[in-house]
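Participant: just coords:
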């Protein structure tokens, strides 16, 4: 049985953890699978029997261009920081190493491949370079870094947009196997029979971060005028600290619920999903909302509009347009029939296109092609 090692930054509550949890559990018996976490935060690994090898390394990441270059090209620094991981994997001698990490950690695989014969796979969960986020020189510099890191890897892209950006900046090696495999979910966990609360509940599940659009969402929410009782539930780890709490202060309709392990249950109590993110790959939390039959409001970034068709399985608003977001919220507050129509269509799309069964079948074929 072929040995595969999965490597993750951490196993906190979130989309990447769920992807790794579902795929590894489904592939046990076909492959000898083990998992490595670079840090000791495995809070999202609940109800999973698979053991995790934890390397509690200190990760100090900078996000300036010089940080990417130093983390990629200064070999002695990298070898020193990650020596225990490299030595462990070399001893295990896997046929394949599958990375679900930040790209800068792909250098670990490159150093390992110099010493053992193994195949390297990277699942890219995010659009790495966007015109709005980086200036021209930064785009060129980052593209150079990513091309260097990706060139010895077989690549899996979680969405069409992630794949298109990788092709645009020439991350992809012609000598490797590359494929788009949509993220998927276990549909059976999500019920269409929702237990409604007294209030109309909007729900947003994502790490609380500037790139996820929480600030803009809260500012728009404060301007909603309705006689209905409404609540906004924000679920996910808080990376903004006091800033988000100050934004919420004196507004008792916004609930900051933190990281949770009972997402299907929370979704069953909600009425409307919302997703104001500025940058994504293919977010599982959006798929979960759709699987629960919730109508969803999403920003008009390509990563989300590749999933949501406006007025068919959700509503799309212009990212920089606060009034447009407010209008879309008001539309769903007033139109129950539209909510039901959008929610039913969203559920059908998940059943047809984003089932975890399809993901596992594609991944198994992908592994066999590489390992044959």
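Facilitator: Great, that's in hand. Quick caveat: nothing in here was measured; it's all calculated off a predicted structure. Numbers count the residues shown, from 1 in each chain.
Participant: in this structure, which spans are strands?
Facilitator: 3-8, 32-37, 52-54, 96-100, 119-124, 154-157, 178-180, 200-205, 230-235, 254-258, 272-275, 296-299, 315-317 (DSSP state E).
Participant: From the recorded domain assignment, give the ranges for the chain.
Facilitator: According to automatic domain parsing, the chain comprises the domains 3-184+355-371, 187-353.
Participant: Save those domains as a markdown table, and put in mean neighbour count and mean pLDDT too.
Facilitator: C-beta: built from backbone N, CA, C; applies to glycine. Below are these laid out as a markdown table (neighbours: other CB atoms under 10 Å; pLDDT from 0 to 100):
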| stretch | mean neighbour count | mean pLDDT |
| --- | --- | --- |
| domain 3-184+355-371 | 17 | 91 |
| domain 187-353 | 18 | 93 |
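Participant: follow-up on the earlier one: make CSV out of the strands of the chain and add distance to residue 20.
Facilitator: Listed next are the strands of the chain as CSV, based on distance: least, CB to CB, whole Å:
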stretch, distance to residue 20
strand 3-8, 6
strand 32-37, 7
strand 52-54, 10
strand 96-100, 6
strand 119-124, 9
strand 154-157, 12
strand 178-180, 18
strand 200-205, 18
strand 230-235, 20
strand 254-258, 22
strand 272-275, 22
strand 296-299, 25
strand 315-317, 30
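Participant: between those, which gets nearest to residue 211?
Facilitator: strand 296-299 (11.3 Å; CB to CB).
Participant: Please identify the pairing partners of the closest one and their relative orientation?
Facilitator: Here strand 296-299 is paired, per DSSP bridges, with strand 272-275 (parallel), strand 315-317 (parallel).
Participant: Residue 317: what's it in contact with?
Facilitator: Counting by CB atoms under 8 Å, 6 or more residues apart in numbering, residue 317 touches 297-300, 324-325, 327-328.
Participant: what bridges to it?
Facilitator: Beta-bridge partners of residue 317, counted by DSSP bridges, are residue 299.
Participant: if I look at it, how far off is residue 222?
Facilitator: As judged by CB to CB, to the nearest Å, residue 317 and residue 222 stand 17 Å apart.
Participant: Just put the strands paired with strand 296-299 in a markdown table and tack on distance to residue 90.
Facilitator: Shown next, in a markdown table, are the strands paired with strand 296-299 (distance: least, CB to CB, whole Å):
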| stretch | distance to residue 90 |
| --- | --- |
| strand 272-275 | 42 |
| strand 315-317 | 48 |
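Participant: closest one to residue 93 among those strands?
Facilitator: strand 272-275 (42.2 Å).
Participant: what's next to that closest one, contact-wise?
Facilitator: Against strand 272-275 from outside (CB under 8 Å, 6+ apart): 200-204, 206, 217, 232, 267, 283, 285-286, 289-290, 292, 294-299, 304, 329, 332, 339.
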